[in-house]
Structures are given as C-alpha cells and as structure tokens.
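> Dropping a prediction and its sequence here:
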Amino acid sequence: MNPLKVALLGCGTVGGAVLRLVAEQAADLTARVGRPVEIAGVAVRRPDRHPEVPAHLLTTDALGLVTRDDVDLVVEVIGGIEPARSLILAAIEAGKSVVSANKALLAEDGVALHAAAAKAGVDLYYEASVAGAIPLLRPLRESLAGDQIRRVVGIVNGTTNYILSRMAETGAGFSEALAEATELGYAEADPTADVDGFDAAAKGAILASLAFHSAVTAADVHREGIASVTATDVARAAEIGCTVKLLAICERVPGEEGESVAVRVHPAMIPTSHPLAAVGGAFNAVFVEAEAAGQLMFYGQGAGGEPTASAVLGDLVAVARNRVAGAAGAGPSAYADLPARPIAETPTRYHVSLDVADVPGVLATVATEFARHEVSIATVRQDGHGDAATLVIVTHSAPDAALSATIAALREVPAVRGVTSVLRVEGLS
Ligand SMILES: NC(=O)c1ccc[n+]([C@@H]2O[C@H](COP(=O)([O-])OP(=O)(O)OC[C@H]3O[C@@H](n4cnc5c(N)ncnc54)[C@H](O)[C@@H]3O)[C@@H](O)[C@H]2O)c1
Ligand SMILES: N[C@@H](CCO)C(=O)O
Ligand code: NA
C-alpha cells in the first residue's frame, strides 16, 4: 500500500510530540486510515537542535517541503501569522490537506484559508487550536450541526486559569502567581498572549465562528486580561460565594435589527457552585448551550505537547481518511453572517467594591449614580464603619457602557474614597 506522506512544519512542544506519536502508533494509524501514514519531512529553523529527528527528514526549506509532489498532508505547528499563513496557502494550492494548531492565524484569517481550501477541494482542520486535547471544534462543526447553539462559555487558557487558581488558593497577588506559573513552565517567557487575553480571544473567535455559522475574527472580540485582577478582587469574590475566572463568552444576542454575535474575554466572578468554578490549575472547560441538546460540558487538558498532539493526530486521521476516500470533508459555513455586537451594547452584571466615608447619605449618593445611568442594583452590603467603611454592590444586567459610565461617575463622588474592586459577574441567578 502506498503510504500517505505528511510534511511536519515545526518541531517544538507540539511538533515533537506529533512526530513521536506518529512513529509509535504507525500500525494503528495504518489500520484506522486504510493506508500507512509516514512523515515525509520535518521543517525546522535549526536542524542542529533536533537530534531526535532522523537527519534525512530535516529541512529548513518549509516551502519546498509543503509543495513536494510526494507530500499528501501538511501539519503546521510553527505558530504565529507568518510564515505559517503563506506555507498553509501554498500547501492548499498544491492540493494538500492541512492540519494546524494555530489559533492566532485561524482567528485572524480563517475565512481566506477556508475559501482557499474549498477552492482546492482539500481539508483544513484545527481541533488542537482551541482547548488542546478536548474534542470541541469537531462536535461544534459536526455533532451539533443540526442544532441551534445559543451560547458557548469557557475557560480556554490554561496559563491564566493556573494563575487565578493559585491566587484563590494562596491569597497571592497576580505578579506572585505569574512568577510561580513561569517557574513551573506553564507561562511562556513572554506571557503577554495568555495574560492579556489574546490567546483566549483568538479561541473565542474560532468558537463563535463555528457555533454561529458566521465569520468572527479576533478583532471582533472584546478582550480584557487578568493583569489587573488583584488579591482584593479574589477575596471579595470569595465573600459572595464566587471565584474569579478568565472566561471566553460567545453569545447569540437578539436585537431589534435582528440577531448578532457578542464575543468577549474578561475576568469574571462566578458562583463556586458553577461547574466552571471547579476547573482548577491549567485545565480547560467549555460549556455549550444549544436549543435541542441543552447544556453540554467539555473538560480536559487544554495545553501541553502530548494532549495537543492527540488532537492533531485525530485531525490527521480524519484528513487522511478523506484522502483515502478521494474526498474532502465539508468545511465550516458562515451562511448566517451574523454581525458582531460591540461590548458597549452587551448586557453584563458587575460587582463593585467602594471604600466610602460612613457619613449620612453616602448610600443614597452612590445609589443615585447607579440610577442616573439606569443600572439597577441587585444587592448592597456595608462592611465596617467610620473611616473604614466598604460598600459592596452587585448590579443587575445592564449594557456595559452604562456600567462603565457609572464606575467613572463614582470615582468623582467625594464620599467615595476609592473604587477598590470592579469585576463582571457571570452565572448568578
Ligand atoms: N504548546 C501547547 O500547549 C499548545 C496547545 C495548543 C495549541 N498550540 C499551538 O501549536 C503551535 C505550536 O506550539 P508549540 O508550543 O509547539 O510552539 P514551540 O515554540 O514549542 O514550537 C514551534 C516550533 O516551530 C519552529 N519554527 C518557527 N518558525 C519556523 C519556520 N519558519 N520553519 C520551521 N520551523 C519553524 C520553532 O523553531 C519551534 O521549534 C502554535 O500555533 C500554538 O499556538 C500549542
Ligand atoms: N498558552 C496556551 C496554550 C494552549 O493553547 C494556554 O495556556 O492555554
Ligand atoms: Na480541541
């Protein structure tokens, strides 16, 4: 039997694990695909740094490798926008099916890449790009293709979840928890993509595109990271039976001019009874709410070489089977074409903690600012008295712009000595 030949682009954390698993599982892969699956070449930047790869497979000419006549399938695990995009496009144009783990690229340019794949009649699969090992994109794309998904909410970044979990467990501040995550190898040398929410925003865009059959890019996602989450925020959350998580929230929102899609990534307090609150350490979990299916939860390892390689290999088997069958799978559709809704119009709830002077009328003054901006208060609690009084307010749902304007106004109220904690709240009834 003629083997199917695979070009592997990149041999780092994920690529190294893919290479090893393809060799270890050769017999099973042959049986599952119907033809042997063989690595044809491995493109790297520095061949001298890869003693684990048979020398005859190594090349620095990634473009030459993906366009080679004997290559059938391409696995891109380089990451970043370029040269990954050009290499994937060249592979597609040369008639190769592609498996990628690259959320940044798919979230920026998914539409063009899918169009190229459809035109060439090849597959483009990327299960590993969101929530690592967890089967999530295929369920959205295939298993739930007959249902109407209303909402996808998840913890999709392991590094930030580890940091927030440690802050909750130890009372540590953000910098201390980040230092620990770096030391343990969870956070990268430059943790910006994780900490500032770029990684989660890219994943949110991919999830929303598939869930709502619309073209959502990273630029459509409202993004806030966790660098401003303080030990006080985490302590305040605990006081109201909540914990702080970085959430990616994708919603289909009704409106007077039709439905739209709201996608946001931000830290939020969620009740400790919420299933996502129990997701600790570097794990990921995603909730999907669909009309007929109801609530579904996906949980597992969202990062790491082997878990991510598991998802890459699953895609590799899928595209290889299609190749053996002489077909390409159906690509995702964007027929619904729902517009992205700005965060300002998106309804959210807030938890606000204020240091106030405990003088007659302070509560009324604070309440007036909420009322003036048409933000309804759900609960108010006062702790302490005299100079050290704290007001803790949880609002009902209101447009984000109204909540932001309320906070800005409160900062100008003389009796408000400081706004000590402002966080969104999700999942409270
Ligand atoms: N590591 C994870 O846990 C994880 C999880 C999910 C998705 N991903 C995604 O998988 C991809 C790879 O991640 P990683 O953690 O393996 O990264 P990595 O940095 O460990 O590996 C990338 C490799 O690609 C090589 N490379 C860069 N430019 C190249 C080029 N032009 N030609 C050939 N090789 C080149 C680098 O030298 C490096 O060895 C990224 O898109 C990442 O977002 C990673
Ligand atoms: N840096 C990412 C890797 C997985 O995409 C995370 O921490 O979740
Ligand atoms: Na996945």
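That came through fine. Ligands and ions are numbered 1, 2, ... in the order given.
> and the helix or strand where residue 298 lies, what other elements does it pack with?
When elements are assigned from DSSP states H and E, residue 298 belongs to strand 294-301. For strand 294-301, the contact count by 3 or more C-beta pairs under 8 Å, 6 or more residues apart in numbering; DSSP states H and E identifies strand 283-290 as packing neighbours. No exception for glycine: its C-beta is placed from N, CA and C like everyone else's.
> What strands line up against the strand it packs on, and which way round?
Using DSSP bridges, strand 283-290 pairs in its sheet with strand 149-155 (antiparallel), strand 294-301 (antiparallel).
> starting at the chain centroid, how far to that strand?
Taking C-alpha atoms, centre = their mean, to the nearest Å, one finds the center of strand 283-290 at 11 Å from the center of the full chain.
> And for stretch 246-256?
14 Å.
> do the same with stretch 34-41
That offset, for stretch 34-41, works out to 31 Å (C-alpha atoms, centre = their mean).
> tell me the mean pLDDT over that stretch?
Stretch 34-41 carries an average pLDDT of 98.
> cool, and stretch 208-222?
In this model, stretch 208-222 has a mean pLDDT of 97.
> got it, and stretch 138-152?
Averaged across stretch 138-152, the pLDDT comes to 97.
> now swap in stretch 57-73 and tell me
Stretch 57-73 comes out at a mean pLDDT of 98.
> Touching that stretch from outside, list them.
Under the contact criterion C-beta atoms under 8 Å, 6 or more residues apart in numbering, stretch 57-73 has outside partners 4-7, 9, 37, 39-45, 47, 50, 74, 78, 83, 86-87, 90-91, 94, 96-99, 316, 319-320, 323.
> and if you look at stretch 193-205?
Stretch 193-205 has contacts (C-beta under 8 Å, 6+ apart) with 103-104, 106-108, 110, 129-131, 156-157, 159-160, 163, 178, 187-188, 192, 216-218, 220-221, 223-227, 246, 248-250, 263-266.
> do it and ligand 1 meet?
No. Stretch 193-205 stays clear of ligand 1 (C-beta under 6 Å from any ligand atom), getting no nearer than 7.5 Å.
> at contact distance from ligand 2, anything in that stretch?
Yes. Contact of stretch 193-205 with ligand 2 (C-beta under 6 Å from any ligand atom) involves 194, 199.
> Please tell me how far that stretch is from the chain's geometric centre.
Centre-to-centre, stretch 193-205 and its host chain are 6 Å apart (C-alpha atoms, centre = their mean).
> Restricted to buried residues, select the contacts of stretch 57-73 in PyMOL.
Only the buried entries of these go into this PyMOL selection, using 16 or more other C-beta atoms under 10 Å:
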select buried, resi 4+5+6+7+9+37+39+40+41+42+43+44+47+50+74+78+87+90+91+94+96+97+98+99+316+319+320+323
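> how about the residues of the stretch 1-150 of the chain near ligand 3?
Neighbours of ligand 3 within the stretch 1-150 of the chain, by C-beta under 5 Å from the ion: 127, 131, 134, 136.
> Against residue 140, how distant is the third one?
The reference is to residue 134. Remark: distance between residue 134 and residue 140 (C-beta to C-beta, to the nearest Å) = 11 Å.
> what do you get for the first one?
Between residue 127 and residue 140 the computed distance is 10 Å (C-beta to C-beta).
> In PyMOL, how would I select the buried members of the contacts of stretch 193-205?
Filtering those down to the buried ones (16+ other C-beta under 10 Å) takes a single PyMOL command:
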select buried, resi 103+104+106+107+108+110+129+130+131+156+157+159+160+163+178+187+216+217+218+220+221+223+224+225+226+227+246+248+249+250+263+264+265+266
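> since we're on residue 239, how many residues are nearby?
By the criterion of other C-beta atoms under 10 Å, residue 239 has 12 neighbours.
> ok, and whichever residue of the stretch 251-400 of the chain sits closest to ligand 3, which helix or strand is that part of?
Here the residue of the stretch 251-400 of the chain nearest ligand 3 is residue 311; by C-beta to the ion that distance is 4.7 Å. Under the criterion of DSSP H and E, residue 311 resides in helix 305-325.
> Heading C-terminal from that helix, find the next helix or strand.
Following helix 305-325 in sequence order, the next helix or strand is strand 347-356 (DSSP H and E).
> buried ones in that next one?
With burial defined by 16+ other C-beta under 10 Å, the residues of strand 347-356 counted as buried are 348-356.
> What average pLDDT does it get?
Averaged across strand 347-356, the pLDDT comes to 93.
> Please state the mean pLDDT value computed over the helix or strand that that strand is followed by.
Proceeding N to C from strand 347-356, the next assigned helix or strand is helix 362-372, under DSSP H and E. Across helix 362-372, pLDDT averages out at 95.
> for stretch 304-314, same thing?
The average of the pLDDT scores along stretch 304-314 is 96.
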